[in-house]
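*Asks:* got a structure for you, letters missing:
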């Protein structure tokens, strides 16, 4: 199972270059797409989900030419957009039945069973008679996963699904994703590094419509081993603490109001700095920083 | 604080509306169209395209009335949108926290779009003013500019009405929080207005009607309805007190609605979806469940695609059902249909019984536009529903092919249309059940609604889906569709008459009225169905268009939309289907057009008739004074074949030279729609002809000497009907063949009648260019169950080979005004004053027989008492199908009377005029005024026939129903006179010079004038004058009397 994206380009009418000669290969498992707001993640995902046309480039999923065979793609696709609404005054069960027919499930009994299954999977079974409209944010996202799962998708695209969820909801939601990841491709976009770390076996960092880096999280972290240095500086003196020419990857306040600086450097940049264990966040900031350099 | 925030919200909102393309669309349309309409009325399209002063105060207000009603759509779109927008984008929750009062918030939300509406209205008025000033208008049709009427139009009509609709729409939108509440409430207001106007009499009603009209138009209409053309051009439109009261009333109501909306509204309720929400327990923890993933079969084939359509349709259905708005529309349309069926004709204060064709006719006619509007609206709502809910990205990636979505929406539109159409049937049947004794003809309802009206609506459904898919903004889509639908009515004025080029029109626009209980749909239904099918075929193209352009994927530019449409066109064979369909449609259009152009499928246009008549005048005009022999005898055999709409008439005239000079040249014009073979009993040859007019010029080898006679023999067959045009007067039942099937003699192109002072005019009577009175002998046959009726006395009847034969002969010479009727009849007979009376009627049409019989008897009584004996031994009233018309006439001792007079609703107690009685009495009175007294063929002839018959009828009416009833009757005549007069341009004609086309004078004024005269002189004295006049001239040949001959007998009034 493989998703191959070749030379994908998209420029919007207002001149924004959302996808800039993008290339990507994705294999089975959980794939995390990390990038700041406006990096082009949603554009990429909508394009993969057959919702918009690229200007140029090819997308191939297991032999399906996504640009030219949108219907074939939709048969194997599960898509959860970043934001979505639902028809008011319709219960989860009824709405899922509606989607189930449209996703090709024949037979009332089969549909009923399937709906029960996906509702159980996302733990909404007991709320199935309630209007989706009145669900909380996390429940609504899980409903989104439920409708996505109806069709037994092989390629699942979820666009920033954890945004706006409380920690418990997020946890629950990620568990559901983990559970369905075994035999499919799940393409998962986020700007939360933790999401990726917890879940993904492969990832890419994206900005300005391009893929800046593609690696497994472990490998990416390994690459930074011995290169991440940290130091504490008193509040307001971060500038002075940094050796010239060095930019911080991140700065974070400690509880005593002092500032923890993290930098990337081939060797110890200054005496105050100590070697730190790299995190995925370091990878993310380092990649973005390198790209802009 | 509050004023500041009011100002900022107002500014923000106003900027929003002024940045909307829709605003410029509305402003553009409402400037351009009024401008064009005014310029058109002012003659910009050339001489004769319009008449009168276009921009008189009356002209401005009248034209403004039409655009004012269209303008009401704008607040429905804008104000409704303003109210809905905050809810849709969930701004309201934020506003809750801001320091604004609810009043200030609401005022700003209302005033901002209303400002945009005001701008558009001002543009509209400016458009009207500009139209009159465009270069190219006829300066004689334009008065000097005056601002006053425009100010009045804006200040007294448009702005108050817009404010009222704005308030209603605003309240409805805020309370319901539905995007479509604006249009639904506007439709409800307009329909309720129709209902109120119909119940209160509207234009013909009193102050109550003027007050009840929310648009304030009725007050002005009541005031101006009898204005003459000259008055309409010069009078000022002084607002009447009724108008002021009306405006005050409705502005108060608007304010009240606004206040009520404010009281109902609070930010608190605005925060959520308006309902108390049960807390939903978020179950984030809980046992993990294994994923069972039972093996599951997915299907994407045809069968599943149809299941998808069905499921989408179900969802649409639930949506419409749950929203409740459609229920309101159904209810209002049902009430409307009921009111239409219960109301009286406001002019005659009469009505027709709720026959099924009545229950179908008017409600369908009025509701079909309403159903169209609902179609436009729901096409937009259904297409945009996923976007409105924010669910489009979930929905549009399902593996359903593109066509299933618009197709399912179309099916839903069909359901809505069927539901609305069925209100017509439900209400019709309910009214019929309530009234009792009518056969409930469910089949007739179904045929008419499903067979004849549904197809056109279905075609509109496809067009609406296409426009709404293309535009993507429901209100703009509705507006464009509305413009298109109204624009179709204007195509004929652009010279496009053929239904081949006018979407969804059928060749006979009055088709809906042409059902007859006697003849059924007769002939018209084939063409109607063919054209409806043709346009439905056409509508498949926009249908395919809708599925190519509907917004499934996200397009950021027109180029992308094109690319997406192209992908759909090329992947699913839809492009091929579209091209194939275009070719098929083009073929159908060409074929249909060629069919229409075939000589036997078209009737010449008025213009072509003028051309050919001019040619005739030029070629044969010099023959006008050529003396002609007179027809003195008609002997004929008429065979009527109802089952194949055919007849054959074989017979001959006897022609006598009544002049003092030999005649060798005969001018003969045969029936226009007939094939006629003619021969003379002496050698004769055609020397010239104009076949387009069926005209031939014969030269006799031996001139016809004074006093001599010859025979003209003829063999007439009807031109067969084509599926487009009815040529034959024969119907399946209830046929009525008139004298126009026969050849006639003489120069016939003289259209203007001479004045009564012209002594030459006395040579002919008013209905006899070529005959005085004739001997008449006819054998009429028809198919077995039918009876054939002709003037004269029935000598013998027999049957032979499945056909029935009737031999009629007139005992004394009769006027050459004939009728041959054939139908399946029942007959009601009576004897009165030695006359055998018979009413031949359609079985089942027995509702008015006693009225008709009473009318005949009362008229016999009065006329015999005052004017002398009735000239025949028999009198037959014969019902004919309303397919032929809705009139009655007199042919010797037969009164052919339209079916419509047999189904009058005559409430007991004389509450409304008894039209059946009246028509019977009127026609019978023509036995004296028209048959015994035959006026000369000059202006004023109708005074001696129609006016006197109307006078006599009024007297008969008075004798039977009393003074109050005749006053009501005369009042109707008076109004008929006033309305007719308002249609005329130029000074009013004297009654004594009334022209044949001035029925309002001959009937309306004549009845009142002679009744008043009789009142003044005394009935006996006045009738004695009439009788003496009749005695002098009755049953005589030329010279015939004129109107002046009667006037000079009347004593001077003191």
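*Replies:* That came through fine. Since we're looking at a predicted model, the values are computed, not measured.

*Asks:* burial of the residue in chain A positioned nearest to chain B, as a residue count?
*Replies:* Chain B sits closest to residue A:85 of chain A, with a gap of 2.6 Å, by CB to the nearest CB. Just so you know, the C-beta spots here come from the backbone N, C-alpha and C atoms, and that holds for glycine as well. Counted with other CB atoms under 10 Å in any protein chain shown, the neighbours of residue A:85 add up to 17.

*Asks:* same question, residue A:152
*Replies:* Using other CB under 10 Å, residue A:152 is surrounded by 18 other residues.

*Asks:* quick one: secondary structure of it?
*Replies:* The three-state label given to residue A:152 by DSSP: H, G, I helix; E, B strand; the rest coil is coil.

*Asks:* quick one: residues contacting the closest residue to it other than its chain neighbours.
*Replies:* Nearest residue to residue A:152, sequence neighbours excluded (CB to CB, 6 or more residues apart in numbering or on different chains): residue B:296, at 6.2 Å. By CB atoms under 8 Å, 6 or more residues apart in numbering or on different chains, the contact list for residue B:296 reads A:105, A:110, A:114, A:152.

*Asks:* now do residue A:84
*Replies:* Residue A:84 touches A:144, B:390-391, B:393-394, counting by CB under 8 Å, 6+ apart.

*Asks:* try 6 Å
*Replies:* The neighbourhood of residue A:84, defined by CB atoms under 6 Å, 6 or more residues apart in numbering or on different chains, consists of B:390, B:393-394.

*Asks:* now swap in residue B:237 and tell me
*Replies:* So residue B:237 contacts B:57, B:61 (CB under 6 Å, 6+ apart).

*Asks:* repeat that for the one 10 residues further on.
*Replies:* With contacts defined as CB under 6 Å, 6+ apart, the neighbours of residue B:247 are B:160, B:216.

*Asks:* circling back to that earlier point, now, the contacts of residue B:296 that are in helices?
*Replies:* Under the assignment DSSP state H, the contacts of residue B:296 contribute A:110, A:114 to helices.

*Asks:* just the buried residues of the contacts of residue B:296.
*Replies:* A:105, A:114, A:152 (16 or more other CB atoms under 10 Å in any protein chain shown).

*Asks:* do a quick rundown of the helices in the stretch 201-350 of chain B.
*Replies:* With DSSP state H, counting those that start in this stretch, the ranges of helices along the stretch 201-350 of chain B come out as B:207-212, B:217-224, B:229-234, B:241-264, B:267-270, B:302-323, B:325-342.

*Asks:* out of the ones you listed, which comes closest to residue B:420?
*Replies:* Residue B:420 lies closest to helix B:325-342 among the helices of the stretch 201-350 of chain B, at 5.6 Å (CB to CB).

*Asks:* the helix or strand that that closest one is followed by pairs with which strands, and in what direction?
*Replies:* Moving toward the C-terminus from helix B:325-342, the next helix or strand (DSSP states H and E) is strand B:351-352. If you go by DSSP bridges, strand B:351-352 pairs up with strand B:904-905 (antiparallel).

*Asks:* for beta bridges, what are the partners of the residue most central in space within chain A?
*Replies:* Centroid-nearest residue in chain A, with CA atoms, centre = their mean: residue A:189, separated by 1.5 Å. The partner list for residue A:189 in beta bridges (DSSP bridges) reads residue A:33, residue A:159.

*Asks:* distance-wise, check it relative to residue A:205.
*Replies:* 11 Å (CB to CB, to the nearest Å).

*Asks:* residues from chain A in reach of chain B?
*Replies:* Residues of chain A lying close to chain B by CB under 6 Å from any CB of the partner chain are A:12-13, A:49, A:51-53, A:74-75, A:77, A:79, A:81, A:84-87, A:89, A:98, A:101-104, A:106, A:117, A:120-121, A:123, A:134, A:136, A:138-139, A:168-169, A:172, A:179.

*Asks:* since we're on residue B:985, how many residues are nearby?
*Replies:* When neighbours are counted by other CB under 10 Å, residue B:985 registers 11.

*Asks:* can you pull the pLDDT of the residue lying closest to it once chain neighbours are set aside?
*Replies:* Of all residues not flanking residue B:985 in the chain, residue B:229 sits nearest, at 4.1 Å (CB to CB, 6+ apart). Residue B:229 is assigned a predicted lDDT (pLDDT) of 81.

*Asks:* correct me if wrong: residue B:229 contacts residue B:983.
*Replies:* No. Using CB atoms under 6 Å, residue B:229 is not in contact with residue B:983, being 8.0 Å away.

*Asks:* of these two, which one has the most company?
*Replies:* residue B:229 (16 against 9).

*Asks:* and the gap between that one and residue B:141?
*Replies:* Residue B:229 is 13 Å from residue B:141, by CB to CB.

*Asks:* compute the number of surrounding residues for the residue of the stretch 351-500 of chain B found nearest chain A.
*Replies:* Chain A sits closest to residue B:390 of the stretch 351-500 of chain B, with a gap of 2.6 Å, by CB to the nearest CB. Burial of residue B:390 is recorded as 15 neighbouring residues (other CB under 10 Å).

*Asks:* go ahead and report the secondary structure state at the residue lying closest to it once chain neighbours are set aside.
*Replies:* Nearest residue to residue B:390, sequence neighbours excluded (CB to CB, 6+ apart): residue A:85, at 2.6 Å. Three-state call for residue A:85 (three-state DSSP): coil.

*Asks:* isn't residue A:85 up against residue B:387?
*Replies:* No. Residue A:85 lies out of contact with residue B:387 (CB under 6 Å); the separation is 9.3 Å.

*Asks:* for the stretch 701-850 of chain B, what spans make up the strands?
*Replies:* Along the stretch 701-850 of chain B, counting by DSSP state E, counting those that start in this stretch, strands occupy B:709-718, B:735-738, B:744-745, B:771-783, B:787-789, B:793-800, B:803-809, B:819-823, B:826-832, B:835-841.

*Asks:* let me see the residues that make contact with stretch A:155-173.
*Replies:* Against stretch A:155-173 from outside (CB under 6 Å, 6+ apart): A:42, A:45, A:48-49, A:61, A:76-82, A:137-138, A:141, A:184-190, A:195, B:284.

*Asks:* just the buried residues out of those residues, in ChimeraX syntax.
*Replies:* Command for ChimeraX, covering only those of the contacts of stretch A:155-173 found buried under the criterion 16+ other CB under 10 Å:
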select /A:42,45,48,49,61,76,77,78,79,80,81,82,138,141,184,185,186,187,188,189,190,195 /B:284
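
*Asks:* sort out for me which of the contacts of stretch A:155-173 are in helices.
*Replies:* Going by DSSP H, the helices hold A:42, A:45, A:48, A:137-138, A:141, A:195 from the contacts of stretch A:155-173.

*Asks:* for residue B:240, state which of the residues you listed is nearest.
*Replies:* residue A:137 (62.3 Å).
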